[in-house]
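>>> Here is a sequence together with a model predicted from it:
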Amino acid sequence: MSKFHYILTCILSALLITSCGREALDYNKEELIEAGEGQLSFSQFNVNVATQARNTRAVDMNNYTVTLYDATNKAINTWTYKDIPQVLNLTAGKYYISVISHEMKQLDTVPYYAGKSNEFEIKVGEITEIEPIICTLGVIEVKVSFEDKLVSYMNNPQSTTVEILLDKNVIYKYSGVTDCPPIYIAPDKGETTIITAIFNSTIDGSLETTTTTRDLVAGDSFQLDYSIKVVDTDGTIADLGTMSPTLRIISQGIIKYWPKNLDDIVEEVIPEGGDEDKLPYIEGDGFNIAKEQIIPDGGMICKVNINAPYGIAHLKVRIDSPTLTPAILSSVGLAAEFNLAYPGSLEEGLKGLKFPVGDEVIGATKLIFDISQFTGLIPPFDKGVEHSHKFILMLEDVNGNGVTKTLTLVSSRK
């Protein structure tokens, strides 16, 4: 009998609790209706971060900032992810939620992630569930690496630099080849952001400069993988056993797209304007441009091959000479620095010296820079004193890839 009373008591208690719960629910709903409000439930809400290495690197989202906005983009409430409420009463209307990892910086050493929900509606007396949000990379990642073979050719690897430029201003400089952490750059407000990388290193005794430029958007990973190829005098890729090899720096400036959702981890790779053998390069015609060229009495034939398979955009020349002064250069229609693609007031003088200019340069894939006529003029100006005369050639193609080579001429040693 006592067992029967115990079971009956449990049943009645359960019914009483259920009845009270329904009364409370009905009361809350009435209260919401009276206030013109509904409820936003976070019970199903979570944040996922889509990274290229999501299987190998945990992302701590506890301190991510979660902000609720109304339809006028006014912030209604802000929490850290770990402190979001279970339920929230809101005036009926349309809202959305944004999530950010931290405040975006122009330059940072940690990635910035951001995500946003679709717009949702709070209805009077109803409960709305907020769906999960996916956060993606909201900045541009830049990574730099160096092939071991390239490092072996460097005279001093730790003096190697890669400058990262934004709008032609250096915002970061990598020094050395061992400590190259990724950096993260805030994108411009426009459609694309132009980022340029300038590599400088002394390779096999010669200063090498390579320029790589890309148009990037938020979510791009700009990966600069520097390597080296041995190139024969005709510009073809050669083996180390080649009789007269020169070296060419290859910048594999590839772009990897960060996934926009958790199921899309496939990387799309855009090569640097084409295959590596289509990058611009400068080579001596029958000689190694990296080595000093001794001018014999009476001068010499001296031609440099300019190659840009995708077309030349700029071909700049800077003359660094102790005796070919600006006054002397001006007397023969030259200046200490000029651009053969856009010669300006020097056009007639350059044409008179048989240099290609303007439309002959822009878009051309091959040119010959011939300074044979200068080699006979230099020794008289040196007056028996040994001087080095540097012709610094700066080539850039239509894809923004660049290379710089220095031709050094030395008067005959007496």
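Right, received. Where do you want to start?

>>> SS state for Phe374?
Counting by DSSP: H, G, I helix; E, B strand; the rest coil, the backbone at Phe374 sits in helix.

>>> cool, the one 5 residues further on as well?
The three-state label given to Pro379 by three-state DSSP is helix.

>>> In space, what's closest to it - neighbours in sequence excluded?
Nearest residue to Pro379, sequence neighbours excluded (C-beta to C-beta, 6 or more residues apart in numbering): Ser411, at 4.9 Å. To be clear about C-beta, it is placed using only N, CA and C from the backbone, and glycine gets the same treatment.

>>> Just list whatever residues bridge to that neighbour.
Ile295 (DSSP bridges).

>>> Pull the number of nearby residues for it.
23 (other C-beta atoms under 10 Å).

>>> residues contacting it?
294-295, 378-379, 382, 385-387 (C-beta atoms under 8 Å, 6 or more residues apart in numbering).

>>> Need the max-distance pair from those.
Ile294 and Val385 (14.5 Å; C-beta to C-beta).

>>> so how far is the helix or strand Thr404 falls within from its chain's centroid?
Element membership for Thr404 (DSSP states H and E) is strand 402-411. Chain-centre distance of strand 402-411: 28 Å, with C-alpha atoms, centre = their mean, to the nearest Å.

>>> which of the residues in it are buried?
Within strand 402-411, the residues that count as buried by 16 or more other C-beta atoms under 10 Å are 402-409, 411.

>>> doesn't Arg318 fall inside a helix?
No. Checked against three-state DSSP, Arg318 lies outside a helix; its state is strand.

>>> give me the low-pLDDT residue ranges for this structure?
1-27, 51-59, 230-277, 412-414 (pLDDT under 70).

>>> sorry, back to before: kindly export the strand holding Thr404 (C-alpha atoms) in PDB.
C-alpha atoms of strand 402-411 as PDB (Å, rounded to 0.1, in the frame of the first residue of the first chain):
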ATOM      1  CA  GLY A 402      61.100  42.600 -61.900                       C
ATOM      2  CA  VAL A 403      64.800  42.000 -61.900                       C
ATOM      3  CA  THR A 404      67.900  44.200 -61.500                       C
ATOM      4  CA  LYS A 405      71.300  43.600 -62.900                       C
ATOM      5  CA  THR A 406      74.500  45.700 -62.700                       C
ATOM      6  CA  LEU A 407      76.900  45.800 -65.700                       C
ATOM      7  CA  THR A 408      80.300  47.000 -64.400                       C
ATOM      8  CA  LEU A 409      82.900  48.300 -66.900                       C
ATOM      9  CA  VAL A 410      86.500  48.900 -65.800                       C
ATOM     10  CA  SER A 411      89.200  50.800 -67.800                       C
END
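
>>> Going along the chain, name the helices of the chain.
2-35, 148-153, 326-331, 347-352, 372-375, 378-382 (DSSP state H).

>>> what's near enough to touch Ile122?
By C-beta under 8 Å, 6+ apart, the neighbours of Ile122 are 37-40, 90-95, 128.

>>> Going through these, which ones are buried?
Among those, the ones that count as buried (16+ other C-beta under 10 Å) are 37-40, 90, 92, 95.

>>> Include distance to Pro326 when you put those into CSV, please.
Formatted as CSV, the buried ones among the contacts of Ile122 follow (distance: C-beta to C-beta, whole Å):
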residue, distance to Pro326
Glu37, 78
Gly38, 78
Gln39, 78
Leu40, 73
Leu90, 73
Ala92, 76
Tyr95, 67
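
>>> picking that back up, select from the contacts of Ile122 every entry located in strands.
37-40, 90-91, 93-95, 128 (DSSP state E).

>>> List just the nearest of those residues to Ile203.
Using C-beta to C-beta, the ones in strands among the contacts of Ile122 come closest to Ile203 at Tyr95, 58.2 Å.

>>> Count the residues that sit near the nearest residue to the closest one once chain neighbours are set aside.
In space, Tyr95 comes closest to Asp70 once its chain neighbours are excluded; the distance is 5.6 Å by C-beta to C-beta, 6+ apart. By other C-beta under 10 Å, 15 other residues sit near Asp70.

>>> Assess the claim that Asp70 and Ala92 are in contact.
No. With contact defined as C-beta atoms under 8 Å, Asp70 and Ala92 do not form a contacting pair (11.1 Å).

>>> residue closest to the middle of this structure?
Closest to where the C-alpha atoms of the chain average out (C-alpha atoms, centre = their mean) is Phe222, at 4.0 Å.

>>> so what's that residue closest to, chain neighbours aside?
Per C-beta to C-beta, 6+ apart, closest to Phe222 is Val142, 4.9 Å.

>>> With Lys123 instead?
In space, Lys123 is closest to Gly38, 5.0 Å off (C-beta to C-beta, 6+ apart).

>>> quick one, what contacts Thr408?
292-293, 388-391.

>>> What distance do you get for it to Thr161?
Look at Thr408 and Thr161: by C-beta to C-beta, to the nearest Å, they are 22 Å apart.

>>> and what of Ile289?
22 Å.

>>> shouldn't the residue nearest to Phe222 be in contact with Ile185?
Yes. Counting by C-beta under 8 Å, Ile185 is a contact partner of Val142 at 6.5 Å.

>>> intersection of neighbour lists for those two?
Joint contacts of Val142 and Ile185 (C-beta under 8 Å, 6+ apart) are 164, 195.

>>> Now do Leu207 against Phe120, distance only.
With C-beta to C-beta as the criterion, Leu207 and Phe120 are 59 Å apart.

>>> And for Ile282?
59 Å.

>>> where do the strands sit along the stretch 201-350 of the chain?
206-216, 220-231, 246-257, 269-270, 281-284, 293-295, 303-307, 312-320, 337-339 (DSSP state E, counting those that start in this stretch).

>>> so which of these comes closest to Glu31?
Per C-beta to C-beta, nearest to Glu31 of the strands of the stretch 201-350 of the chain: strand 246-257, 49.1 Å.

>>> still on that earlier bit, quick one: the contacts of Ile122 as TSV, columns for distance to Ala327 too.
As requested, the contacts of Ile122 are exported to TSV (distance: C-beta to C-beta, whole Å):
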residue	distance to Ala327
Glu37	84
Gly38	83
Gln39	83
Leu40	78
Leu90	78
Thr91	79
Ala92	81
Gly93	76
Lys94	73
Tyr95	72
Thr128	80
